[in-house]
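Engineer: sharing a model prediction with you, sequence too.
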Amino acid sequence: MQTASYLHTFPYCSYRRSSFKSDGWNKLQIPYSSRLPEKVVLIGRPQTCKLLRPLKETRLCAVPNTDDGHPSVSVLEDSNMNHAPTSEEETLFSKWTPPRYLWRGFSALILAGQVIIRTLKGKVHWKNTLQQLRRVGPSSVGVCLLTAAFVGMAFTIQFVREFTRLGLSRAVGGVLALAFARELSPVVTSIVVAGRIGSAFAAELGTMQVSEQTDTLRVLGANPVDYLVTPRVIATSIALPFLTLMCFTVGMASSALLADSIYGVSINIILESARRALKPWDIISAMIKSQAFGAIISIVSCAWGVTTMGGAKGVGESTTSAVVISLVGIFIADFVLSYFFFQGVGDSLKNL
């Protein structure tokens, strides 16, 4: 039973022998009321009380006070009684907390807005930006080019074999060029960067968050968004278009070499077909896509990193979740951008 005690010392109390119990408790003869006072004042006789202010339903017991020898009064609250409504009434959603993925999504949107505002105001840590640009760009070239080369050769095996049987070997280069420029190069490059760079961003910022290093930056007067988030977003958005262009070149080169060496389709035929099929807008759209994918990767990874909780286990979960959400965001953004970019396009192969 929950107990709220208020001790008041009585100057004197007259109690009879019959009112004592064997366990040392003394029972006072106080008139009972359904609304008992918060404050008790003795008037006239020791056993007469005046009610000054109503309170919750309670019971009074006299307890011997070992300090001065006089009994004291203990007010015991009855937990089974209905309590009066307090001024701080619980609302419908007072104890409701949003799911973690929901407030993380909102934090990513807020972080994106902060990055845009801080960038427009010129509050960018350029030294850190150059370091992140070197990390995202040159350090990721090798794995991106290797992936693009093997993806190009795999698609060449499928396209060249079928098109040669149909007598359309002159259209192989154009189909491969359109596939690489519009879809494969930006998506494959973004997937590689999300697995390599996005996971690193989430792990770094998550470790800094759980070890309170971001709070240290605030104490030192530095804005964590300017120092940690904005340089990573800018570096990823700048580096990914160039990586995409390099992957497109390597993919087309590997495809042409494989088609010439295995299937007997000349490199000149493939390159000429690609030149006729491709238009400047195809390359520009690939650059725009990769820039959008880079922003998605960096913002999601940084947002998941700065909202990490729970120590080393939380860092691991945030890293895995950041990569998964980044990949899902890349595929959704690819569909949306492709729908708007190539809605009315359909005559690229007529010139072949």
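Structural biologist: Nice, thanks for sending it over.

Engineer: quick check on residue 164: phi, psi?
Structural biologist: phi -70, psi -40 (degrees, to the nearest 10).

Engineer: who touches the nearest residue in space to it that is not next to it in sequence in this structure?
Structural biologist: Counting by C-beta to C-beta, 6 or more residues apart in numbering, residue 263 is the residue found nearest to residue 164 once chain neighbours are left out, at 6.1 Å. Placement of C-beta: from N, CA and C, glycine included. Listed by C-beta atoms under 8 Å, 6 or more residues apart in numbering, the contact set of residue 263 reads 160-161, 164.

Engineer: go on, residue 187?
Structural biologist: 289, 293, 330-331, 334.

Engineer: point out where the stretch 1-150 of the chain drops to low pLDDT.
Structural biologist: 1-94, 98 (pLDDT under 70).

Engineer: for the chain, what spans make up the strands?
Structural biologist: All strands of the chain, identified by DSSP state E, fall at 8-9, 40-43, 45-51, 58-64, 71-77.

Engineer: before we move on, the earlier item: of the contacts of residue 263, just say which sits nearest to residue 270.
Structural biologist: residue 160 (9.0 Å; C-beta to C-beta).

Engineer: just the helices from the stretch 151-300 of the chain, written as ranges.
Structural biologist: 172-179, 185-193, 199-210, 213-219, 224, 230-262, 267-277, 280-306 (DSSP state H, counting those that start in this stretch).

Engineer: what's the closest of the ones you listed to residue 106?
Structural biologist: Across these, closest to residue 106 is helix 280-306 (C-beta to C-beta), at 9.3 Å.

Engineer: ok and that closest one relative to helix 185-193, angle-wise?
Structural biologist: Angle of helix 280-306 versus helix 185-193, following axes from the mean of the first three to the mean of the last three C-alpha atoms, to 10 degrees, is 20 degrees.

Engineer: helix 280-306: which residues count as buried?
Structural biologist: Burial within helix 280-306, assessed by neighbour count using 16 or more other C-beta atoms under 10 Å, is assigned to 282-283, 285-287, 289-306.

Engineer: same question for stretch 168-188.
Structural biologist: 168-182, 184-188.

Engineer: now swap in stretch 242-257 and tell me
Structural biologist: Those buried within stretch 242-257 under the rule 16+ other C-beta under 10 Å are 243-248, 250-252, 254-257.

Engineer: before we move on, the earlier item: out of the contacts of residue 263, which is nearest to residue 238?
Structural biologist: Nearest to residue 238 among the contacts of residue 263, with distances taken as C-beta to C-beta, is residue 160, at 35.3 Å.

Engineer: that closest one reaches residue 266, doesn't it?
Structural biologist: No: using C-beta atoms under 8 Å, residue 160 is not in contact with residue 266, being 11.8 Å away.

Engineer: hmm, who's touching stretch 193-203?
Structural biologist: 135-136, 140, 143-144, 232, 236, 240, 243, 293-294, 297-298, 300-302, 304-305, 308, 315, 318-319, 322-323, 326-327, 330.

Engineer: swap the cut-off to 6 Å and go again
Structural biologist: 136, 140, 232, 297, 301-302, 304-305, 318-319, 322-323, 326-327 (C-beta atoms under 6 Å, 6 or more residues apart in numbering).

Engineer: and stretch 141-152, by the same measure?
Structural biologist: Residues outside stretch 141-152 that contact it (C-beta under 6 Å, 6+ apart) are 188-189, 192, 243, 247, 250-251, 254-255.

Engineer: could you rerun that using 8 Å?
Structural biologist: Contacts for stretch 141-152 (C-beta under 8 Å, 6+ apart): 176, 180, 184-185, 188-189, 192-193, 196, 243, 246-248, 250-255, 258.
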